[in-house]
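A.B. asks: Below is the sequence, then the predicted model.
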Amino acid sequence: MIAIDDYVVDVLMRDLVGHDRRMVSFLVYLWFTREQERVSEKEQRKGNVVEASYRQIAECIGVSKSSAQAAVGWLVKRKLLASTKKTATATPRYKVLTPWRDYESRNRSRT
C-alpha cells in the first residue's frame, strides 16, 4: 500500500487535473511517488531517485510516450519532479519533490 499525503489528493489532483488539465501529469506523479517509495524500501534509505525512460513510464501508466514526456516536462516545470542525467544520452533519474512539506516546515520554524 502506498502512503500518499492528503495534499496530493486534496489539492494537487485538483490543480493538475482540473486547473492545468494535465491528467497524465497527475498519474505520472503518482507513479513516481510509488516507485520512489519502492526504491526506498528496497535500499532502506529515504529520498532515493528513480531511473526511468519515457517508454518505461508510458508503458507502466498506459499512455503514449509523447504524453509521458509532456507530463514529465510539466512536472519539472512545476517543480514537482527533479530530473538529472549523468550524460546527455543517459536515462534520466528523477526525484519526487514535495514543496508543500518544505513550505510547512519553513512556517513552523518561523513561529
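C.D. replies: Sure, I can see it.
A.B. asks: Could you pull up the residues touching the closest residue to I4 other than its chain neighbours?
C.D. replies: Counting by Cβ to Cβ, 6 or more residues apart in numbering, I4 lies nearest to T33, which is 6.7 Å off, once chain neighbours are set aside. Just so you know, the C-beta spots here come from the backbone N, C-alpha and C atoms, and that holds for glycine as well. Shown in contact with T33 (Cβ atoms under 8 Å, 6 or more residues apart in numbering): 2, 4, 8, 96.
A.B. asks: Distance of the third one relative to V72?
C.D. replies: In this structure, V8 and V72 are separated by 17 Å, where distance is defined by Cβ to Cβ, to the nearest Å.
A.B. asks: More neighbours: these two, which one.
C.D. replies: V72 (22 against 17; other Cβ atoms under 10 Å).
A.B. asks: element containing the more buried one?
C.D. replies: For V72, the element it lies in under DSSP states H and E is helix 65-77.
A.B. asks: Same check on Y29?
C.D. replies: Per DSSP H and E: Y29 is located in helix 23-43.
A.B. asks: ok, the residue positioned nearest the centre of the chain - contacts?
C.D. replies: The chain has Y29 as the residue nearest its centroid, 3.6 Å off, counting by Cα atoms, centre = their mean. With contact set as Cβ under 8 Å, 6+ apart, Y29 has these partners: 8, 12, 16, 75, 80-81, 96.
A.B. asks: what's stretch 55-63 in contact with?
C.D. replies: For stretch 55-63, the external contacting residues (Cβ under 8 Å, 6+ apart) are 24, 27-28, 31, 64-65, 67-68, 71-72.
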